[in-house]
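J.: Sharing a model prediction with you, sequence too.
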Amino acid sequence: MISYDPAARLFHIRTASMSYVFRAGDYLQNLYWGKVLAAEDLADLPAASFHSSFDYDTLLEREEYGCWTGRSYSEPCLAIASERGRHLAMRFVGHDLSPEREGVQTLRVFLSGNDGAMSVALDYEVHASYDMVSRSATVTNHGEPVTLENAKSAALHLPELPRCTLRYLTGKWAGEFQMTDMPVETGAFTMQSKRGITGPHFNPCFALSEGANEREGEVWFGLLAYSGNWKITVEKTIFNNVKVVGGVNDFDFAYPLGQGESFTTPAFLFGYAEAGFGGMSRKLHRFERDRVLAASAKPRRILYNSWEATAFSVDVREQKKLADKAAQMGVELFVVDDGWFGERHSDKAGLGDWHANREKFPNGLGELIAHVNGLGMDFGIWVEPEAVNPDSELYRKHPDWIYRFDGSEPLQLRNQYVLNITKPPVRRYILEMLHDLLRSGNIRFLKWDMNRSISDLGEGGGTKDRRLWVEHVHALYEIWSELRRDHPDVELETCAGGGGRIDLGILRYAAQCWPSDNTDPFDRLFIQHGFTQFYAPQIMMCWVTDTPSGAGKANRSIAYKFHSAMCGGLGIGADINRLSPEEAAEYKRHILQYKEIRETILGGDLFRLRPPGESGLTAVEYVGPFGDEIVVLAFLHAQQYGDSCPRLKLQGLSENARYELAGDGKRYHGSTLMHYGLPIELKGDFDSALFVLRRTER
């Protein structure tokens, strides 16, 4: 709920277990963010800390939405440039409070400045039962033309924490979502992308704590819902104020606003948890499943992707053979990857020519689609609509459709350029192509890839080109939104050279995501551990493949591969033509087993019992939506000195309920499983096990 005390000019946003309080004085000042409290006790503004005459006003460090005035020296949210100058002093002029609707209440706070020439509307969308708040800002110009030079979504201020630690995700290709913890010291630390996509090197999320662990401690956290150039700065001043500013990156950014024009920032979502990082993750997963992942209402289908089996050598006969074998195993979605279109025989040609290659598919895609559907599977296909090869019909016809600076040859990455989808003709071409493709047959799934960063971002407009970073993302969302609207039965997967475009912005449209091209089942435990800190297992696709993506990797057993891939949405990427009858039968057994526990893994609560890397044993637990089924996946990396595995102390069970272990019929009280532990027997290197318990007595 949201309340406002007009006498004290105090705003109190209260959720199930969080209070967020700020006051409208000469400027909006944040007073508190944390565990629920009585906000009226904060009615008096805190006195400024002792400082010298060199410091103008240290309370400005806690400004709710700081605009650049030249008088504050911490990270601002908004900055402009115009012929009148750069000074932008905003004052509170009112607010609007909407009634709660479907569990959501919205507060809009209005600021005005520069004699009414500029206004800002700050939106607070409160999801009280989820302990989540979404913030964004809409900047409107009412006067002479101005240029936005900085437009962040929000500033979030922490209570005073003597020893504050930041958790964030970093990585690279084949090593995305690596969890990192670091102390917050005086100064500023920036996470960002400058590549036009969300990027694998940082992910737009953060968690701050003081001594929290997986099960205990307070955590303040947030995620930015944006798929382009973004920036999150964690800043601690010498006066011990810690704030997080996040939004569109001001790198190479300039966005012109004429009279009457507005700019709306992406949503910056934040929350608070008391039960450690595990509690934070479960709050986020529930919120994402219910409020963000609208396109993911259906359970993830078990898919087969033919890339490893054929690479670019795609043809209808071979694909039919693979489909026959996939269907026999119990696969539900058959996906043809790169190589089906144009003169696409390698990554050097054909990208942009989205018509089936006549030699590979003499009768078009319809023949294969009908065959796949006849086997009881849905059909899906790979596309990369934002890019084009120089060696393609599309580029030869429209060389002006790519991003390029005047007077220079654009950079080729992976033998391709980036299409300027901000141009209406380019956007129309992509949409018409996708509509035609989806209407040409019963296609129920698109794997949308983006295999390079954006470079040479220009169209001959000089400094005006700097708006294109934002407009590319807006154009992408427009395309995805239209696809979702016109093809509601088609699910989209977000992929960008692995996990380069995963954020809450694109996940409003995507049914699932591809976290990494690294499918080694051991490496994936680390990637999946980092991914699930902030994102739900429901959308995390995990494949069983043939060859670990790294030199010198040891072979893993089929069971180990499947158990690792069962931690999210299950996919098969191996060359199933090479399987022996016994191996194919084992694939089928694991797929059948996954179907039986899929609802619990994708819709239940995740407990990370033992993280990878701390010892030889890793384990995760999923408690079903109604608490009736528990799934535990355990992995032993290496056994030393003949040591036995420690018991796994489960979480999230009912103390007095009894649970039966599938397979041997043994029954345990919840209290025994949580406090004494579940005995497991794993031996050797890269061993694994799956345990399923079902509640028999409440």
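T.: All right, it came through fine. Numbers count the residues shown, from 1 in each chain.
J.: Give me the local confidence score for the residue lying closest to Leu394 once chain neighbours are set aside.
T.: Of all residues not flanking Leu394 in the chain, Gly352 sits nearest, at 3.4 Å (Cβ to Cβ, 6 or more residues apart in numbering). For glycine as for every other residue, the C-beta is placed from the backbone atoms N, C-alpha and C. Looking at Gly352, its pLDDT is 98.
J.: go on, the one 4 residues further on?
T.: Reported pLDDT at Ala356 in the predicted model: 98.
J.: wait, isn't it in contact with Phe341?
T.: Yes. If you go by Cβ atoms under 8 Å, Ala356 and Phe341 touch, sitting 6.2 Å apart.
J.: residues touching Ala275, list them.
T.: 215-216, 282 (Cβ atoms under 8 Å, 6 or more residues apart in numbering).
J.: same thing with Trp307?
T.: 337-338, 382, 573.
J.: Just those: which are in strands?
T.: Trp382 (DSSP state E).
J.: Present the contacts of Trp307 as a markdown table; the columns should include distance to Tyr668, pLDDT and neighbour count.
T.: Formatted as a markdown table, the contacts of Trp307 follow (distance: Cβ to Cβ, whole Å; pLDDT from 0 to 100; neighbours: other Cβ atoms under 10 Å):
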| residue | distance to Tyr668 | pLDDT | neighbour count |
| --- | --- | --- | --- |
| Asp337 | 44 | 98 | 20 |
| Asp338 | 49 | 98 | 23 |
| Trp382 | 46 | 98 | 22 |
| Gly573 | 37 | 97 | 21 |
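J.: just curious, which of the contacts of Trp307 is nearest to Ala43?
T.: Set against Ala43, the nearest of the contacts of Trp307 by Cβ to Cβ is Trp382 (58.5 Å).
J.: if I look at the closest one, how far off is Pro204?
T.: According to Cβ to Cβ, to the nearest Å, Trp382 stands 26 Å off from Pro204.
J.: Could you identify the buried members of the contacts of Ala275?
T.: Buried members of these, counted by 16 or more other Cβ atoms under 10 Å: Arg282.
J.: Sort out which of the contacts of Ala275 are in helices and list them.
T.: Within the contacts of Ala275, membership in helices is found for Arg282, as judged by DSSP state H.
J.: For stretch 457-474, buried residues please.
T.: Buried, per 16+ other Cβ under 10 Å, within stretch 457-474: 457-459, 465-473.
J.: One more: stretch 621-634?
T.: Buried residues in stretch 621-634, counted by 16+ other Cβ under 10 Å: 621-624, 627, 629-634.
J.: Tell me which of those residues fall in strands.
T.: Per DSSP E, those map to strands at 621-623, 629-634.
J.: Determine which two of the residues you listed are furthest apart.
T.: Glu629 and Ala634, at 16.8 Å, using Cβ to Cβ across these.
J.: which one in the buried residues of stretch 457-474 is the model shakiest on?
T.: Per-residue pLDDT puts Glu459 lowest of the buried residues of stretch 457-474, at 90.
J.: The closest residue to Asp315 other than its chain neighbours: neighbouring residues, count only.
T.: In space, and not counting its chain neighbours, Asp315 is closest to Lys360: 4.5 Å by Cβ to Cβ, 6+ apart. Per other Cβ atoms under 10 Å, the neighbour tally for Lys360 reads 22.
J.: just the one 3 residues further on next, same as before
T.: Counted with other Cβ under 10 Å, the neighbours of Asn363 add up to 11.
J.: can you check His87 too?
T.: His87, neighbours per other Cβ under 10 Å, totals 14.
J.: Which of the helices or strands spans it?
T.: Here His87 sits in a region with no helix or strand, counting by DSSP states H and E.
J.: That one against Ser72, yeah?
T.: No. Contact criterion Cβ under 8 Å: His87 and Ser72 do not qualify, at 11.7 Å.
J.: how close does the residue nearest to the spatial centre of the chain sit to His87?
T.: Nearest to the mean C-alpha position of the chain, by Cα atoms, centre = their mean, lies Asp503 at 2.9 Å. Using Cβ to Cβ, Asp503 is found at 33 Å from His87.
J.: same question, Gly441
T.: 59 Å.
J.: List the residues that are in contact with both of His87 and Ser72.
T.: Joint contacts of His87 and Ser72 (Cβ under 8 Å, 6+ apart) do not exist.
J.: Buried residues, stretch 121-137. List them.
T.: Those buried within stretch 121-137 under the rule 16+ other Cβ under 10 Å are 121-128, 130-137.
J.: Of these, just say which sits nearest to Val372.
T.: For these, the nearest to Val372 is Tyr130 (38.8 Å; Cβ to Cβ).
J.: ok, for the closest one, nearest residue in space, not its chain neighbours?
T.: Here the residue nearest Tyr130, using Cβ to Cβ, 6+ apart, is Phe287, at 4.3 Å.
J.: Show residues contacting stretch 425-445.
T.: Stretch 425-445 has contacts (Cβ under 8 Å, 6+ apart) with 301, 303, 333, 335, 354, 364-366, 369-370, 373, 378-381, 383, 385-386, 394, 398, 401, 419-421, 446, 475, 478-479, 482-483, 486-487, 489-493.
J.: can you tell me which of the buried residues of stretch 121-137 are in helices?
T.: Secondary structure from DSSP H places none of these in helices.
J.: So which of these are in strands?
T.: Per DSSP E, the subset of the buried residues of stretch 121-137 in strands is 121-127, 132-137.
J.: Taking those, tell me the two that lie furthest apart.
T.: Ala121 and Met132 (20.4 Å).
J.: which residues of the stretch 1-150 of the chain score low on pLDDT?
T.: Filtered on pLDDT under 70, the stretch 1-150 of the chain yields the residue ranges 45-58.
J.: Show me where it has its strands.
T.: In the stretch 1-150 of the chain, the strands defined using DSSP state E, counting those that start in this stretch lie at 2-5, 10-14, 18-24, 28-35, 78-81, 90-97, 105-113, 118-127, 132-141, 146-157.
J.: Would you format those strands as TSV with distance to Ile601 included?
T.: Below are the strands of the stretch 1-150 of the chain laid out as TSV (distance: least, Cβ to Cβ, whole Å):
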stretch	distance to Ile601
strand 2-5	36
strand 10-14	33
strand 18-24	28
strand 28-35	31
strand 78-81	43
strand 90-97	40
strand 105-113	33
strand 118-127	24
strand 132-141	23
strand 146-157	32
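J.: which one of these lies closest to Pro612?
T.: Short answer: strand 132-141, nearest of those by Cβ to Cβ, at 27.9 Å.
J.: Looking at the strands of the stretch 1-150 of the chain, which is nearest to Leu322?
T.: Using Cβ to Cβ, those put strand 132-141 closest to Leu322, at 42.7 Å.
J.: Show me what that closest one is packed against.
T.: If contacts are counted by 3 or more Cβ pairs under 8 Å, 6 or more residues apart in numbering; DSSP states H and E, strand 132-141 sits against strand 118-127, strand 146-157, strand 255-257, strand 262-264, strand 268-273, helix 276-287.
J.: Please work out how many residues are found near Ala43.
T.: So Ala43, with other Cβ under 10 Å, has 14 neighbours.
J.: Which neighbouring residues are in contact with it, exactly?
T.: If you count contacts by Cβ under 8 Å, 6+ apart, then Ala43 has 5, 8, 10 around it.
J.: how close does Leu208 get to Asp486?
T.: Taken as Cβ to Cβ, the span from Leu208 to Asp486 is 41 Å.
J.: Pick out whichever of the two has more residues nearby.
T.: A direct count of neighbours by other Cβ under 10 Å for Leu208 and Asp486 places Leu208 higher, at 22 against 13.
J.: ok, the closest residue to the more buried one other than its chain neighbours to Tyr130 distance?
T.: In space, and not counting its chain neighbours, Leu208 is closest to Trp220: 4.7 Å by Cβ to Cβ, 6+ apart. In this view, Trp220 and Tyr130 are 15 Å apart by Cβ to Cβ.
J.: Then Ala574?
T.: 38 Å.
J.: can you check Met329 too?
T.: Distance, Met329 to Tyr130, by Cβ to Cβ: 38 Å.
J.: Please consider this matter closed, and thank you.
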